[in-house]
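Undergrad: below: sequence and its predicted model.
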Amino acid sequence: MVAPSFDATHSIQFDLGRGNVRSGDEQVLLVPANALAHLTAVAPAQASQALGHALGAAIGRRARARLHDVGEASIEEVVTQLAGEAALAGIGSLSIERWGRAVVVLVEGSPLAHPLLAPLVGSALEAMFGRKVGCTLLSGEDPAARVLVASERGTERVRDWIASGVPWGNALTRLQGEPA
């Protein structure tokens, strides 16, 4: 099997005469990462989450457009396209880890505040697959963050366990022991 690839050719178009930047049919804005960091530091949590959702939805739409049939795509093809679009957006390096039946998205080197990454990942997957997913931040050790992708109920339980002091790896183990 040939490994899936990401072709960034013509992904970003600069129109210097008009002063705009486009990614596909969407106008985008190049913003210094520290400006977003300052914004999210002073903005209400709901506003920061909305930003994460908007960024993720755009990444998911662009990744979906790259696949002939997302329902028939392999997990490798899906991850390759999501990772490529995340990299083009400057989000960082995206990959997945399997923890038994649990799927964890690893985001390394992101300039975004880690609390933005769970809504970003969830929204990207929702835009890609057209259905709701649950996501919660497991860990945010710089420079990497891990985001659990599961059902709403599963992510809520893991979030509660972590809040009560259970290490995230143990919370994933507990989740595996629960009936599906």
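TA: Ah, there it is.

Undergrad: from now on I want contacts and neighbour counts done on CA atoms only, so please keep to that.
TA: Will do.

Undergrad: going along the chain, name the strands of the protein.
TA: Under the criterion DSSP state E, strands of the chain are mapped to 12-15, 20-23, 26-28, 93-99, 102-108, 134-139, 144-150.

Undergrad: longest single helix anywhere in the chain?
TA: helix 45-66 (DSSP state H).

Undergrad: what sits closest to the residue positioned nearest the centre of the chain if chain neighbours are left out?
TA: Closest to where the C-alpha atoms of the chain average out (CA atoms, centre = their mean) is residue 121, at 2.4 Å. Residue nearest to residue 121 in three dimensions, not counting chain neighbours: residue 56, with 5.9 Å by CA to CA, 6 or more residues apart in numbering.

Undergrad: now do residue 66
TA: With CA to CA, 6+ apart as the criterion, residue 66 has its nearest non-adjacent residue at 7.0 Å, and that residue is residue 81.

Undergrad: ok, that neighbour - how many residues close by?
TA: 24 (other CA atoms under 10 Å).

Undergrad: show the pLDDT at it.
TA: Looking at residue 81, its pLDDT stands at 95.

Undergrad: that one touches residue 61, doesn't it?
TA: No - using CA atoms under 8 Å, residue 81 is not in contact with residue 61; the gap is 10.5 Å.

Undergrad: how close does the residue nearest to residue 66 get to residue 133?
TA: 18 Å (CA to CA, to the nearest Å).

Undergrad: same question for residue 27.
TA: Per CA to CA, residue 27 is found 27 Å from residue 133.

Undergrad: what's the local residue count around the residue nearest to residue 122 when sequence neighbours are not counted?
TA: Closest residue to residue 122 apart from its sequence neighbours, by CA to CA, 6+ apart: residue 135 at 5.5 Å. By other CA under 10 Å, the residues close to residue 135 number 27.

Undergrad: check residue 70 too.
TA: What residue 70 shows, counting by other CA under 10 Å, is a neighbour count of 17.

Undergrad: do residue 24 as well
TA: 13.

Undergrad: leaving out chain neighbours, which residue sits closest to it?
TA: Counting by CA to CA, 6+ apart, residue 24 lies nearest to residue 11, which is 6.4 Å off, once chain neighbours are set aside.

Undergrad: where does that neighbour land on pLDDT?
TA: Listed pLDDT for residue 11 reads 89.

Undergrad: any idea how far residue 21 is from it?
TA: Taking CA to CA, one finds residue 11 at 10 Å from residue 21.

Undergrad: the two - which one has more neighbours?
TA: Neighbour count, other CA under 10 Å: between residue 11 and residue 21, residue 21 has more, with 16 against 12.

Undergrad: can I assume that one is in contact with residue 10?
TA: No - using CA under 8 Å as the test, residue 21 is too far from residue 10 to be in contact (11.7 Å).
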